[in-house]
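S.K.: I would like the atomic coordinates for the input below:
(2 chains)
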Number of protein chains: 2
Amino acid sequence: MVERFGRRIPEPTVVRLPLYQRVLRDLALGAVATVSSAELASACGVNAAKLRKDLSYFGTYGTRGTGYDVGYLLGQIERELGLDRERCVVMAGMGHLGHALARSPGFMSGGFRVVGLFDVAPSVLGEIVAGTGVAHISTLPDVCRQTGASMGVITTPASAAQDVCDQMVASGVNAILNFAPSVLVAPPSVHVRHVDFSAELQVLAFYQAHPEPAEAASDLGAGLIL
Amino acid sequence: MVERFGRRIPEPTVVRLPLYQRVLRDLALGAVATVSSAELASACGVNAAKLRKDLSYFGTYGTRGTGYDVGYLLGQIERELGLDRERCVVMAGMGHLGHALARSPGFMSGGFRVVGLFDVAPSVLGEIVAGTGVAHISTLPDVCRQTGASMGVITTPASAAQDVCDQMVASGVNAILNFAPSVLVAPPSVHVRHVDFSAELQVLAFYQAHPEPAEAASDLGAGLIL
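M.R.: This is a model prediction of the structure:
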């Protein structure tokens, strides 16, 4: 956990920050100047007490009767998320998912720039995907050195994921988003997040198998869990 | 939160169950009969105290000196996850991501069966993806009625997601996995999980922007956060 103002910030709070950022950005684009915690919580699909607690980690309490200053809060969250500077990202594994992610307008928006797409299959090497050519994985170290890329996305099959992870770490990448269905081993200084789609379905199946009383369900906001 | 043995099961615990299930299944396939909480925790990339706490919600404590019975624990977690029966899944939005997910061997494994793929674009209607034909979204209610599908996956653009969500809910779907970058509004009885790839990158950016002391980082397991 990360410490801030002497308090440790729990991971679930960190995970909700991008949601707050997205909703606040939409409010700012709509020229909304202030928002109450109840309104903001509702738009984010979380409960208001949780939202206030989350924001209090950053020393932000809003003004009673007025609420939060949208622009100020947005800037603060974007700074916390480190979105105030561009990050160079490399991606390995240009199958269906790699193509989908590289072409997704939202995935890399907001401060992330793809500087390299990698694979080993001759059928995709040299292909231009969303403006970037697919290169052989053996060129990963050079690209990382030239661009200073510090983030990696792994969309390879499970069998290749650990090897690609090791190569990324050796090339200076210290934050990895892993879509392959395998648990990666990396040094403690490297942050690895694992996105497991089938696990998401399983969590939904859990909640289907354990229907909740209506009041408890409303804790989850308007059906949204992040 | 879901109650079990009189205790509420926190969502982070639920979210870790699929990870435990996957690791236990691999152990079972490897003919491992018992596993200590330390070994299991390490293989899952979580700390052992957290693992013991998670499993205690299900009345499972293991045997001191011997550890957990792999087969028994696996069966118990699969029952908790509702994986002991097949669930029919419909998916709307057959762009790159929809194709990637429908073709992913892992996504629908373990008790999930795709019974319908939907879109509105003439260019994909009728296409066979992983054995299922892409149908017009207007046929969704019929397919749900005929198959009893209760789970939906939304991979449409953001602008179409709420409309598709409403149609799924009206067709009896009560668990939705949303990949579109929009907050969906659904009745409290419908569980919606939102997968936001760009948010995953932002969370990584947060941890990059807030490097932790080495001991704290090891709380995250072998670099794995789930």
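S.K.: Identify the residues contacting residue A:17.
M.R.: A:54, A:77, A:80-81, B:202-203, B:206 (C-beta atoms under 8 Å, 6 or more residues apart in numbering or on different chains). Where you see a C-beta, it was placed from the backbone N, CA and C, and this is true even at glycine.
S.K.: Any regions of chain A where pLDDT drops low?
M.R.: A:1-7, A:60-61, A:106, A:108-110, A:212-226 (pLDDT under 70).
S.K.: domain assignment for it?
M.R.: Here the domain parsing of chain A from automatic domain parsing is A:2-79, A:87-195.
S.K.: Can you show me the helices along chain A?
M.R.: A:11-29, A:37-44, A:48-56, A:70-80, A:96-103, A:140-147, A:158-170, A:197-209, A:214-218 (DSSP state H).
S.K.: So what's the gap between the first one and the chain middle?
M.R.: Here helix A:11-29 is found 11 Å from its chain centre; the criterion is C-alpha atoms, centre = their mean, to the nearest Å.
S.K.: Restricting to C-alpha, output that helix in PDB.
M.R.: The C-alpha trace of helix A:11-29 is given here as PDB (Å, rounded to 0.1, in the frame of the first residue of the first chain):
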ATOM      1  CA  GLU A  11      -5.600  -0.800  -3.200                       C
ATOM      2  CA  PRO A  12      -9.400  -0.700  -3.600                       C
ATOM      3  CA  THR A  13      -9.200   3.100  -3.300                       C
ATOM      4  CA  VAL A  14      -6.400   3.300  -5.900                       C
ATOM      5  CA  VAL A  15      -8.500   1.100  -8.200                       C
ATOM      6  CA  ARG A  16     -11.400   3.500  -8.000                       C
ATOM      7  CA  LEU A  17      -9.400   6.600  -8.800                       C
ATOM      8  CA  PRO A  18      -9.600   6.100 -12.600                       C
ATOM      9  CA  LEU A  19     -13.400   5.900 -12.300                       C
ATOM     10  CA  TYR A  20     -13.500   9.200 -10.400                       C
ATOM     11  CA  GLN A  21     -11.100  10.700 -12.900                       C
ATOM     12  CA  ARG A  22     -13.300   9.600 -15.800                       C
ATOM     13  CA  VAL A  23     -16.600  10.900 -14.300                       C
ATOM     14  CA  LEU A  24     -15.000  14.200 -13.200                       C
ATOM     15  CA  ARG A  25     -13.500  14.700 -16.700                       C
ATOM     16  CA  ASP A  26     -17.000  14.300 -18.100                       C
ATOM     17  CA  LEU A  27     -18.400  16.800 -15.600                       C
ATOM     18  CA  ALA A  28     -15.600  19.300 -16.500                       C
ATOM     19  CA  LEU A  29     -16.300  18.800 -20.200                       C
END
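S.K.: and it with helix B:197-209, angle?
M.R.: 120 degrees (axes from the mean of the first three to the mean of the last three C-alpha atoms, to 10 degrees).
S.K.: So for helix A:11-29, what gets flagged as buried?
M.R.: By 16 or more other C-beta atoms under 10 Å in any protein chain shown, the buried positions in helix A:11-29 come out as A:11, A:13-24, A:27-28.
S.K.: ok, so of those, who is nearest chain B?
M.R.: residue A:18 (3.5 Å; C-beta to the nearest C-beta).
S.K.: List the residues that contact the nearest residue to the closest one once chain neighbours are set aside.
M.R.: The shortest distance from residue A:18 to any non-neighbouring residue, by C-beta to C-beta, 6 or more residues apart in numbering or on different chains, is to residue B:199 (3.5 Å). Residues in contact with residue B:199 (C-beta under 8 Å, 6+ apart) are A:15, A:18-19, A:22, A:226.
S.K.: most neighbours per residue, which of the domains of chain A?
M.R.: domain A:87-195 (a mean of 19; mean count of other C-beta atoms under 10 Å in any protein chain shown).
S.K.: and the end-to-end length of that domain?
M.R.: 20 Å (C-alpha to C-alpha, to the nearest Å).
S.K.: Also stretch A:62-82?
M.R.: End-to-end for stretch A:62-82, by C-alpha to C-alpha: 22 Å.
S.K.: likewise stretch A:102-112?
M.R.: Start and end residues of stretch A:102-112 are separated by 12 Å (C-alpha to C-alpha).
S.K.: for chain A, what's the longest strand?
M.R.: Scanning chain A for the strand with the most residues, using DSSP state E, yields strand A:112-119.
S.K.: so what strands line up beside that strand?
M.R.: strand A:87-92 (parallel), strand A:132-136 (parallel) (DSSP bridges).
S.K.: Now do the longest one against helix A:96-103, angle only.
M.R.: Okay, so that is strand A:87-92. Using the same axes, to 10 degrees: strand A:87-92 against helix A:96-103 is 160 degrees.
S.K.: And the residue of chain A positioned farthest from its centre, how far from residue A:71?
M.R.: Taking C-alpha atoms, centre = their mean, the residue of chain A most remote from its mean C-alpha position is residue A:65, at 32.6 Å. Using C-beta to C-beta, to the nearest Å, we find residue A:65 at a distance of 19 Å from residue A:71.
S.K.: same deal with residue A:151?
M.R.: With C-beta to C-beta as the criterion, residue A:151 and residue A:71 are 27 Å apart.
S.K.: what's the answer for residue A:204, then?
M.R.: 36 Å.
S.K.: try residue A:98
M.R.: 36 Å.
S.K.: same deal with residue A:15?
M.R.: Relative to residue A:71, and taking C-beta to C-beta, residue A:15 is found at 23 Å.
S.K.: Likewise for residue A:41?
M.R.: Remark: distance between residue A:41 and residue A:71 (C-beta to C-beta) = 19 Å.
S.K.: again, but for residue A:145
M.R.: In terms of C-beta to C-beta, residue A:145 sits 38 Å off from residue A:71.
S.K.: same check, this time on residue A:207
M.R.: Relative to residue A:71, and taking C-beta to C-beta, residue A:207 is found at 36 Å.
S.K.: again, but for residue A:159
M.R.: 48 Å.
S.K.: same thing with residue A:36?
M.R.: Where residue A:71 is concerned, residue A:36 sits at a distance of 16 Å (C-beta to C-beta).
S.K.: can you check residue A:114 too?
M.R.: In terms of C-beta to C-beta, residue A:114 sits 29 Å off from residue A:71.
S.K.: Repeat that for residue A:49.
M.R.: Distance of residue A:49 to residue A:71, computed by C-beta to C-beta: 24 Å.
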